[in-house]
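Peer 1: Fold the following, please.
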Amino acid sequence: MISRVAQLIIILGAVWAIADAVFNLEHSWLLFIHRALAPVLLVTALVASCASLVWMRKRLSFGLLLVQFLIVTACAAPLVRSLLLLPSPAPPLASASSSVTLFNYNVLGFEDLSPGIIKEISSLQPDVVTLQEVNPELAKALQDNLRSKYPCQLLDPKEGSWGMGTLSKFPCAELPAPQRGLWVGKPQITKITLPQNKELVIANIHAIHPHIALQRDAGARGLLRMTDTIRNREETIKALLEELQITNIQNVIIAGDLNASMRNKIYENILQSSYVDSWLELHPASSGGTWPVPGIAGKSFLSGTLRIDFIFRSSTLRTKSIELLSESIGSDHRGMFAAFDVQ
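Peer 2: Residues are numbered from 1 along each chain as shown. Next up is the predicted model:
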């Protein structure tokens with residue numbers, strides 16, 4: 001049996017989580033994890049509640065029933081909130097005379113996956129490529145093998161997970177990137193000139209992962225730093241959105257690794273700036289899990305369940321198609337390939 005003190009703690013925690021879903025709080029590592037893992041937690045809570053109803057039967061008290069109800073409600077609340085964010089069907093553009101395709105991929109910078117990535121890009125032939133975790137080996141391979149097809153290459157290679165890269169078949173120029181906050185890789189904001197002189201801005205991002213604080217300190221201090229990291233992420237996204245607005249270019253695509261789910265606050269912050277989640281626009285009933293890839297990131301009950309890689313579009317674009325790569329090419333992420341109509 002659960003003691004009265006334990007019941008009170010669980011009730012307060014559940015009410016806190018429900019309040020987070022209603023008022024969009026998420027100013028702690030615990031709420032961040034709760035939102036990210038809400039589907040798994042909800043299934044666990046439902047199974048545990050059903051098992052307890054069968055096992056305890058007549059011994060159930062009002063207090064235990066209340067605890068079960070609040071736990072299930074707390075786990076369901078982030079899912080309900082995310083359903084309210086589903087995009088409405090977009091009307092066709094009045095004049096969509098141009099189109100552009102984009103391939104986004106976190107390439108696992110700790111490994112040299114250059115041959116597979118070059119092959120995949122050559123097969124898909126996207127107009128624009130946004131890559132995260134670009135290491136020196138991959139940067140050299142991109143320059144040696146794809147310079148003729150992608151004359152505009154903005155490469156910022158780093159060892160490990162800190163590199164970035166944006167490729168374009170069309171003329172492009174790098175714009176100022178946000179200076180506030182911490183990122184895994186420095187964001188790349190690129191202006192691309194499409195045929196008929198249409199301009200498009202591509203923001204290639206790799207948000208800081210919250211657990212970086214735990215890598216430095218596994219104790220309670222690490223959890224406090226994790227909370228600071230989550231708050232910092234909000235500031236970085238705010239800075240990014242401000243820089244994109246300063247460009248005064250209406251056609252914008254944000255692509256990359258958000259290190260957060262569609263239930264987390266920074267995802268909502270992007271949507272509230274009039275961007276549309278391209279995956280949900282065409283696949284509203286699919287989570288589109290991009291991480292962790294089964295067998296690559298080790299065996300995990302989370303394999304393939306989380307979508308932390310995103311492609312957002314501005315309201316001046318329309319998503320024609322978007323799909324996940326069927327194979328990982330060795331990365332712990334799955335790539336995304338999308339096509340857009342441009343106004």
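Peer 1: so what does the strand or helix carrying Gln68 touch, helix or strand wise?
Peer 2: If you go by DSSP states H and E, Gln68 is part of helix 62-83. Judged by 3 or more Cβ pairs under 8 Å, 6 or more residues apart in numbering; DSSP states H and E, helix 62-83 is in contact with helix 4-23, helix 29-36, helix 38-56. No exception for glycine: its C-beta is placed from N, CA and C like everyone else's.
Peer 1: To Asn232, which of those helices lies closest?
Peer 2: For the helices and strands packed on helix 62-83, proximity to Asn232 was assessed by Cβ to Cβ; helix 29-36 is nearest, at 12.1 Å.
Peer 1: follow-up on the earlier one: what's the most buried one of the helices and strands packed on helix 62-83?
Peer 2: Highest mean neighbour count among these (mean count of other Cβ atoms under 10 Å): helix 29-36, with a mean of 21.
Peer 1: residues making contact with stretch 162-173?
Peer 2: By Cβ atoms under 8 Å, 6 or more residues apart in numbering, the residues outside stretch 162-173 that reach it are 109, 121, 127-136, 138-139, 142, 146, 149-157, 184-188, 190-195, 202, 204, 206.
Peer 1: Give me the subset of those residues lying in strands.
Peer 2: Among the contacts of stretch 162-173, DSSP state E puts 128-132, 152-156, 184-188, 190-193, 202, 204, 206 in strands.
Peer 1: Now, of these, which are buried?
Peer 2: Among the ones in strands among the contacts of stretch 162-173, the ones that count as buried by 16 or more other Cβ atoms under 10 Å are 128-132, 152-156, 184-188, 190-192, 202, 204, 206.
Peer 1: now the lengthiest helix in the chain against strand 183-193, angle please.
Peer 2: Ranked by residue count, the top helix of the chain under DSSP state H comes out as helix 220-246. Using axes from the mean of the first three to the mean of the last three Cα atoms, to 10 degrees, the inter-axis angle of helix 220-246 relative to strand 183-193 is 10 degrees.
Peer 1: Could I get the average pLDDT for helix 220-246?
Peer 2: For helix 220-246, the mean pLDDT works out to 87.
Peer 1: do the same with stretch 255-269
Peer 2: On average, the pLDDT along stretch 255-269 is 95.
Peer 1: Off-centre distance for it?
Peer 2: Centroid displacement of stretch 255-269 relative to its chain, using Cα atoms, centre = their mean, to the nearest Å, is 4 Å.
Peer 1: With stretch 335-343 instead?
Peer 2: Between the centre of stretch 335-343 and the centre of its chain there are 17 Å (Cα atoms, centre = their mean).
Peer 1: Now do the phi/psi pair for Ile253.
Peer 2: Note on Ile253: its backbone torsions stand at phi -130, psi 130 [degrees, to the nearest 10].
Peer 1: That one pairs with what?
Peer 2: Ile202, Arg313 (DSSP bridges).
Peer 1: so it makes contact with Asn204?
Peer 2: No: using Cβ atoms under 8 Å, Ile253 is not in contact with Asn204, being 9.3 Å away.
Peer 1: Compute the number of surrounding residues for Cys172.
Peer 2: Cys172 has 22 neighbouring residues, counting by other Cβ atoms under 10 Å.
Peer 1: Name the nearest residue to it, ignoring sequence neighbours.
Peer 2: Excluding the flanking residues, the one nearest Cys172 by Cβ to Cβ, 6 or more residues apart in numbering is Cys152, at 4.1 Å.
Peer 1: got the contact list for that neighbour?
Peer 2: By Cβ under 8 Å, 6+ apart, Cys152 lies in contact with Leu167, Ser168, Lys169, Phe170, Pro171, Cys172, Ile192.
Peer 1: Provide the count of other residues in contact range of the second one.
Peer 2: Other residues near Ser168 come to 26 when the count uses other Cβ under 10 Å.
Peer 1: Against Trp183, how distant is it?
Peer 2: According to Cβ to Cβ, to the nearest Å, Ser168 and Trp183 sit 21 Å apart.
Peer 1: quick revisit: nearest to Ile249 among the helices and strands packed on helix 62-83 would be which one?
Peer 2: Evaluated with Cβ to Cβ, the helices and strands packed on helix 62-83 place helix 29-36 nearest to Ile249, the distance being 32.0 Å.
Peer 1: now, which of the contacts of Cys152 lie within helices?
Peer 2: Reading helices off the contacts of Cys152, I find no matches (DSSP H).
Peer 1: Just name the closest of those to Phe32, please.
Peer 2: Taking Cβ to Cβ as the measure, Leu167 is the one of these closest to Phe32, at 32.5 Å.
Peer 1: low-confidence ranges in the stretch 101-250 of the chain?
Peer 2: 213-220, 222 (pLDDT under 70).
Peer 1: do you know how far the residue lying closest to Met164 once chain neighbours are set aside is from Leu66?
Peer 2: Nearest non-adjacent residue to Met164, counting by Cβ to Cβ, 6+ apart: Gly185, 4.0 Å away. Using Cβ to Cβ, Gly185 is found at 46 Å from Leu66.
Peer 1: ok, back up a step: I figured the residue nearest to Met164 hits Asp156, correct?
Peer 2: Yes: contact criterion Cβ under 8 Å: Gly185 and Asp156 qualify, at 7.1 Å.
Peer 1: Mutual contacts of those two, please.
Peer 2: Val134, Gly163, Met164.
Peer 1: Thanks a lot, catch you later.
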